[in-house]
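K.L.:
Everything below, folded, please.
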Amino acid sequence: MRAVHRPAGCVSQEREVSGAGGGGRVNRPRYQADGNQAAIVRDLRAVGCSVQIIEGANGTAGVPDLLVGRRGSNYLLEVKRPKAKGQRAGRLSAEQREWHLAWRGQSEVVSNTAEAYAAVGLLL
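P.N.:
Predicted coordinates:
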């Protein structure tokens, strides 16, 4: 077993995985991006931000979709679909709500480019 160092006050987001013998395959939820994510990523990159799609953070449920770097700062963005005619706006899952409540750093929920720009301190 590997020891994991965590600074004081950090909340663990690890989950125990049990199975026959403990060495079985781990089933991770399939990552599915909201339809507006590609445009948000493209637009952030167009104004000079670096953007990494996190894609489920190695199976840890609730972790935001994007890691964005701008002017020496990092930002975590959860992308949700906007409200459209005949549809509800995207909502945080229970796991995402839990993660956001436990996280002691910055994180934002965005549904369009303007909200993403504001989240990273851009006012265009």
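K.L.:
Chain neighbours aside, what residue packs nearest to Gln37?
P.N.:
Spatial nearest neighbour of Gln37, chain neighbours left out: Val79 (4.6 Å); criterion: C-beta to C-beta, 6 or more residues apart in numbering. To be clear about C-beta, it is placed using only N, CA and C from the backbone, and glycine gets the same treatment.
K.L.:
pretty sure the one you found contacts Asp34?
P.N.:
Yes. Contact between Val79 and Asp34 holds when scored by C-beta atoms under 8 Å: they sit 5.2 Å apart.
K.L.:
Mutual contacts of the two, please.
P.N.:
Asp65 (C-beta atoms under 8 Å, 6 or more residues apart in numbering).
K.L.:
out of the two, which sits in the busier spot?
P.N.:
When neighbours are counted by other C-beta atoms under 10 Å, Val79 and Asp34 differ, and Val79 comes out ahead with 25 against 15.
K.L.:
who does the more buried one bridge with?
P.N.:
For Val79, the beta-bridge assignment (DSSP bridges) gives partners Val110.
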